[in-house]
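In: Any chance you can model this:
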Amino acid sequence: MTLVNRIVRLSLMFLLATSAHAQDSESAGKNTARPATLRVITYNVQFLPGPAAAMNERKEPEYRAKRIAEEVAKFDLVALQEVFDEKYQTLITEGVRVVWGAQLNVFASPKPEGRYTNGGCLLLTRLPILATHSMVFEHYSTKEDYGVRADGFAAKGVIHAQLPLDGANPARSIDVFVTHLEARADHLRPAQYAEAAAFIKAYSDPSRPALFLGDMNTKGTPDQWPDPASQYSVMLRTYSEARPGAGFIDVWPTLMGTAHGGTSEQESSDIGKRIDYILLANPAAAFQLTPISIAVNLYQDPKTVALSDHNAVIAEFAWNPLSASNETRR
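Out: Residues are numbered from 1 along each chain as shown. Purely as a prediction, here's the structure:
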């Protein structure tokens, strides 16, 4: 499906959903549930571990961790990458806990035996967590080829959580995947797309909406879209094959058209590479998420220039909670 067709399809879906909701409101009156929203952020925050911390582009790591916690606590669903250092993972998590309290639920990349550090992915959410899973990529750059900057030192992969949007009702839940793909060896990335897709297929229910978030190290600027052989096209196609009939769309061009959306330079989102993504997959029918806004946030800071060497991508999604009367009829 071309980008234009995807945009048209999503627009029609939104119009139909809006029309249906308006009709329901007219007929049901005060018993109709109000639309709700889900605020989402994905952010590579660069907290490299051990001696590698000397390569962090932004210094003052303790200050950055506390400030990042303040900022991400404004969202409902937080997907962070490069939280390799457990000290700063704890600072961020506890900083968010101060704001969210008992609402905070956490899932982080594990550290398997034989790897120097964990995978760096951290999921924080106000929503309950019904199930979690994780995987580590089998294809990655090695120290023999790339020295100390090789991805193979870290257990990079994908983490998954199933989150209910209506209490603990699994029928009204979403699948959330967070990843950080290969940064050094471009030729290995398609193999990781396939690994991620197999993981999504195993743990994503096509009858539920799914979000796939993270630093995918894949150039997604408009010049990449028309070429079916570009890594961007291969990535979306591979991921979508994991959910037949309910494939992924890239929310940025869906809502922002050809706006640049760069995430690799903190001076402006009009320059640099767009490599950080929020992808959405909706079922063909039933419960869906509707993207209503997306933006790049530079998180510039007077003390450290910016809070990271990446920009964050933030989005908001609409969904319709069940009303008390609908719940009674189930």
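
In: Neighbours of Ala54, how many?
Out: Residue neighbour count, defined by other C-beta atoms under 10 Å, stands at 8 for Ala54. Where C-beta positions appear, they are placed from N, C-alpha and C, glycine not excepted.

In: Against Tyr43, how distant is it?
Out: In this structure, Ala54 and Tyr43 are separated by 22 Å, where distance is defined by C-beta to C-beta, to the nearest Å.

In: cool, Ser230 as well?
Out: As defined by C-beta to C-beta, Ser230 lies at a distance of 25 Å from Tyr43.

In: Report the contact partners of the residue lying closest to Thr304 once chain neighbours are set aside.
Out: Spatially, and ignoring its direct neighbours in sequence, Thr304 is nearest to Arg58 (4.8 Å; C-beta to C-beta, 6 or more residues apart in numbering). Residues in contact with Arg58 (C-beta atoms under 8 Å, 6 or more residues apart in numbering) are Gln46, Arg64, Thr304, Val305, Ala306, Leu307, Ser308, Asp309.

In: hmm, 6 Å instead?
Out: For Arg58, the contact set (C-beta atoms under 6 Å, 6 or more residues apart in numbering) comprises Arg64, Thr304, Ser308.

In: Out of these, which sit inside helices?
Out: When these are checked against helices using DSSP state H, the ones located there are Arg64.

In: Name the nearest of the contacts of Arg58 relative to Pro253.
Out: Ser308 (23.3 Å; C-beta to C-beta).

In: Could you report the pLDDT at the closest one?
Out: Confidence per residue is given as pLDDT, and for Ser308 that number is 98.

In: okay, the one helix or strand Glu144 maps to in PDB with CA atoms only?
Out: Glu144 belongs to helix 143-146 when assigned by DSSP states H and E. Coordinates of each C-alpha in helix 143-146 appear next as PDB, following Å, rounded to 0.1, in the frame of the first residue of the first chain:
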ATOM      1  CA  LYS A 143      34.000  -6.100  18.400                       C
ATOM      2  CA  GLU A 144      36.100  -7.900  15.800                       C
ATOM      3  CA  ASP A 145      34.700  -5.700  13.100                       C
ATOM      4  CA  TYR A 146      33.800  -2.500  15.000                       C
END
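
In: got the contact list for that helix?
Out: By C-beta under 6 Å, 6+ apart, the surrounding residues in contact with helix 143-146 are Ala150, Arg184.

In: Next secondary structure after it?
Out: Of the helices and strands lying after helix 143-146 in sequence (DSSP H and E), the nearest is strand 157-164.

In: Give me the sheet partners of that following strand and which way each runs.
Out: Its sheet considered, strand 157-164 pairs with strand 131-136 (antiparallel), strand 173-180 (antiparallel) by DSSP bridges.

In: got the contact list for it?
Out: Applying C-beta under 6 Å, 6+ apart, the external contacts of strand 157-164 come out as 107, 109, 119, 121, 123, 127-137, 173-179, 196, 199, 203.

In: When you filter the residues you listed down to buried only, what's left?
Out: Taking 16 or more other C-beta atoms under 10 Å as the criterion, what is buried in those is 107, 109, 119, 121, 123, 127, 134-137, 173-179, 196, 199, 203.

In: And the pLDDT at Arg6?
Out: pLDDT, Arg6: 48.

In: right, I mislabeled it, should have said Trp252
Out: Reading off the confidence values, Trp252 has pLDDT 98.

In: Now do it against Pro51, distance only.
Out: Trp252 sits at a distance of 35 Å from Pro51 (criterion: C-beta to C-beta).

In: So if I had to pick from the two, which one is more boxed in?
Out: For Trp252 and Pro51, the more surrounded residue by other C-beta under 10 Å is Trp252, and the numbers stand at 24 against 8.

In: Start from the N-terminal end of the stretch 201-330 of the chain and give the helices.
Out: Counting by DSSP state H, counting those that start in this stretch, the stretch 201-330 of the chain has these helices, from start to end: 231-241, 251-256, 324-329.

In: what's the second one packed up against?
Out: Right, the one you point to is helix 251-256. Under the contact definition 3 or more C-beta pairs under 6 Å, 6 or more residues apart in numbering; DSSP states H and E, helix 251-256 sits against helix 3-28, strand 290-297.

In: swap the cut-off to 7 Å and go again
Out: The contact analysis (3 or more C-beta pairs under 7 Å, 6 or more residues apart in numbering; DSSP states H and E) places helix 251-256 against helix 3-28, strand 276-281, strand 290-297.

In: what does the first one give?
Out: The criterion is 3+ C-beta pairs under 7 Å, 6+ apart, and the helices and strands that helix 231-241 contacts are helix 189-203, strand 248-250.
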